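Novice: Provide a 3D model corresponding to the input given below.
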Amino acid sequence: MKRKKDILFLCQFFYPEYISSAQLPFDTAAALEEAGFSVGALCGYPREYLDGKDIPGKETVKGIRIHRLKYIQTNRSGFLGRLVNYFSFTFMVFLHLGEIARYRAVVAYSNPPVLPWIASWAKVLFGTKLVFVSYDLYPEVATVTGTLGQGSLICRLMEHINRCVYRRADQVVSLSSEQRAYILNHRPIGEAAVRVIPNWHPEEGSQAQPREENRFRDLVKGRFVVSYFGNMGTMQDMQTILDAIRQFREDPDVFFLFAGHGNKLETMRRILADEGFSNVHFCGFLHGRDFADALAITRCALVSLERGATGLCVPSKTYCYMKHGIPLLAIMEPCDIVSDIESGAGLWVRNGQACELAQAIRRLRAEPDALARMGQVSRRLYEEKYTMPQGTARYVRLFRELL
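Specialist: Here you go, the predicted structure:
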């Protein structure tokens, strides 16, 4: 009988896509391969997050055997479009279930949320060990914001998938201590099977250097730049940010820069354009040198979660800001990020406190020495807790224990 390979990564996005949900699994797979494990990836064929080049369906990169599956990829801005993508990719993985059987362990991610169900059946059918990485908790990320109603068909399906996945998982990885606590309180799994491994800022995105002539220089004109990068979707509190921006209508020396995607982006753009703001600019998704330029002009950065979202997800751009020594401005309930901020990495307000958020921005602009100290603390905390080698080493340790 042919000897099984060690670890298969099962995820929709993977190398060479440039979003964090592709780069983080690739970083982890590369570290495991370097540690002596045989590693493969069964992932989706790139379309959206790619710099226009043809990619083979199968190739080996850094020792990782990558198999990319083509599936229906519709516009993800709408809920129906995301559902089509989720189920289409999951169905294609189901057709390749036998490929999972060739590995001793499978790593499944919570995006798309129905995908881990396939990995849980590989555990039943083939004895494949299952490691589930919980980026987001479904169906709660939909129900707390009213996207889905309690008891809906999709919610009942996700509750069934959760029972299968969590009861069969050998290990569950949560991104924060509050997410671990939520899992232990709401999922059928014991304490020993859930560990915290925070995300990190992918090295691929951090290597690009800003240009000598920053592309945003003429746009911001030396003003105090407050930036928001990443997802502006269901779980992000954009209303508090919008209400805070309105308090700077007569203060053009503060400039707001937004870049990313999500179902709230166009609404924000339209409202601020209709209200005639000239100190706000929206970009699409930035990466490489464009993103490096944006980071170089940023004086402080916004991170947000909706009320009730604590424990359900973690804004991954936080680690990018910390890596670059940028002070944080957080709008959320108490969590690990807030603990870092209270250690001196920035300032924090609760949801709905738009006046307090505006005051925090004014304080940071008026106190450059305090701003610099916060940036130093932000960078120091990143180096102490959130670097890529630290994160990938935790995964290597997990699999050495498991296999």
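Novice: Double-check Gly63 against Ala41; I have them as touching.
Specialist: No: the pair Gly63 / Ala41 is not scored as a contact, 11.2 Å apart, by C-beta atoms under 8 Å. (Each C-beta comes from the backbone N, C-alpha and C, glycine too.)
Novice: what's Glu306 in contact with, if anything?
Specialist: For Glu306, the contacting residues are 144-145, 234-237, 351, by C-beta atoms under 8 Å, 6 or more residues apart in numbering.
Novice: farthest pair in those?
Specialist: Thr234 and Asn351 (14.3 Å; C-beta to C-beta).
Novice: Neighbour count: Gly63 and Ala41, which is higher?
Specialist: Ala41 (21 against 14; other C-beta atoms under 10 Å).
Novice: and that one, which of the three is it?
Specialist: Put simply, Ala41 is strand when judged by DSSP: H, G, I helix; E, B strand; the rest coil.
Novice: bridging residues for it?
Specialist: Phe9, Ile66 (DSSP bridges).
Novice: so what's it up against?
Specialist: 8-11, 14-15, 25-26, 29, 64-67.
Novice: try 6 Å
Specialist: Shown in contact with Ala41 (C-beta atoms under 6 Å, 6 or more residues apart in numbering): 9, 14, 64, 66.
Novice: can you pick the most crowded of those?
Specialist: Most neighbours among the contacts of Ala41, by other C-beta under 10 Å: Phe14, with 27 neighbours.
Novice: was I right about that one contacting Ser20?
Specialist: No: contact criterion C-beta atoms under 6 Å: Phe14 and Ser20 do not qualify, at 11.9 Å.
Novice: where do the contact lists of those two overlap?
Specialist: What both Phe14 and Ser20 touch, as defined by C-beta under 6 Å, 6+ apart, is an empty set.
Novice: how close does the spatially closest residue to Cys320 that is not a sequence neighbour sit to Arg68?
Specialist: Take Cys320 and drop its neighbours on the chain: the residue closest to it by C-beta to C-beta, 6 or more residues apart in numbering is His201, 4.4 Å away. Distance check for His201 against Arg68: by C-beta to C-beta, to the nearest Å, it reads 25 Å.
Novice: So between those two, which is more surrounded?
Specialist: Looking at His201 and Arg68 with other C-beta under 10 Å, you find the greater number of neighbours at His201, namely 24 against 18.
Novice: so what's the more buried one up against?
Specialist: Neighbours of His201 in contact, by C-beta under 6 Å, 6+ apart: 319-320, 323.
Novice: ditto for Ala29
Specialist: Neighbours of Ala29 in contact, by C-beta under 6 Å, 6+ apart: 9, 39, 64.
Novice: quick one: the first one from Tyr15, how far?
Specialist: For Phe9, the distance to Tyr15 equals 10 Å [C-beta to C-beta].
Novice: Tabulate the contacts of His201 in a markdown table, adding columns for secondary structure, pLDDT and distance to Ser152.
Specialist: Formatted as a markdown table, the contacts of His201 follow (DSSP: H, G, I helix; E, B strand; the rest coil; pLDDT from 0 to 100; distance: C-beta to C-beta, whole Å):
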| residue | secondary structure | pLDDT | distance to Ser152 |
| --- | --- | --- | --- |
| Tyr319 | helix | 95 | 34 |
| Cys320 | helix | 95 | 35 |
| Lys323 | helix | 96 | 39 |
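Novice: Please identify the helix or strand for Tyr86.
Specialist: helix 79-95 (DSSP states H and E).
Novice: So what's the residue count around the nearest residue in space to Pro202 that is not next to it in sequence?
Specialist: Excluding its sequence neighbours, the residue lying closest to Pro202 (C-beta to C-beta, 6+ apart) is Gln23, at 3.5 Å. The number of residues packed near Gln23 is 24, by other C-beta under 10 Å.
Novice: Kind regards, and thank you for your time.
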